[in-house]
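Peer 1: predicted model follows, preceded by the sequence.
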Amino acid sequence: MNQEEIRQHERQVLEERGIQLEPGTTFVEKVSLTLRLPKKQCETFLESIYNGATVEQAASAAGLEIAELQNDAMIEAAQAIGVTLTRLRASV
């Protein structure tokens, strides 16, 4: 899977949840803004999920309390991102 295919999947994940990815904005930046997390913590969080961690494990790795994800909708979005990233990893 090439970078453009990965970007298409990233856009699809966000759009399925009613979130538009503006031109020039990266997936990590948008997820960071959406989940209201610092970019570095978001990168660590997403990398952990990509590597198979649960939301709770990824939050811990990023130095976050699960409460910092703020609500069930954000946790659901994080889980959806994790599922999609896991699928992408499996197809590469």
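Peer 2: Alright, I've got the coordinates.
Peer 1: all the helices of the chain, residue numbers only.
Peer 2: In the chain, the helices defined using DSSP state H lie at 3-16, 27-35, 39-50, 55-61, 72-91.
Peer 1: how about those helices in CSV, adding mean neighbour count and mean pLDDT?
Peer 2: In short, each C-beta sits where N, CA and C put it, glycine included. Output for those, formatted as CSV (neighbours: other C-beta atoms under 10 Å; pLDDT from 0 to 100):
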stretch, mean neighbour count, mean pLDDT
helix 3-16, 14, 74
helix 27-35, 18, 79
helix 39-50, 19, 85
helix 55-61, 18, 85
helix 72-91, 15, 68
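Peer 1: distance-wise, check Gly82 relative to Glu22.
Peer 2: 23 Å (C-beta to C-beta, to the nearest Å).
Peer 1: quick check: Arg36 vs Cys42, distance?
Peer 2: According to C-beta to C-beta, Arg36 stands 10 Å off from Cys42.
Peer 1: repeat for Lys30
Peer 2: 10 Å.
Peer 1: same thing with His9?
Peer 2: His9 is 18 Å from Cys42, by C-beta to C-beta.
Peer 1: and if you look at Thr84?
Peer 2: Going from Thr84 to Cys42 by C-beta to C-beta gives 15 Å.
Peer 1: repeat that for Val83.
Peer 2: To Cys42, Val83 is 17 Å away according to C-beta to C-beta.
Peer 1: over to Gly18?
Peer 2: 19 Å.
Peer 1: Phe45 reaches Ala62, doesn't it?
Peer 2: Yes - using C-beta atoms under 8 Å, Phe45 is in contact with Ala62, at 4.1 Å.
Peer 1: spell out which residues are contacts of both of the two.
Peer 2: Leu37 (C-beta atoms under 8 Å, 6 or more residues apart in numbering).
Peer 1: for Ser32, which non-adjacent residue is closest in space?
Peer 2: Using C-beta to C-beta, 6 or more residues apart in numbering and skipping residues adjacent in sequence, the residue nearest Ser32 is Cys42, 3.9 Å away.
Peer 1: for that neighbour, which residues are in contact?
Peer 2: If you count contacts by C-beta under 8 Å, 6+ apart, Cys42 has them with Val28, Val31, Ser32, Leu35, Ala62.
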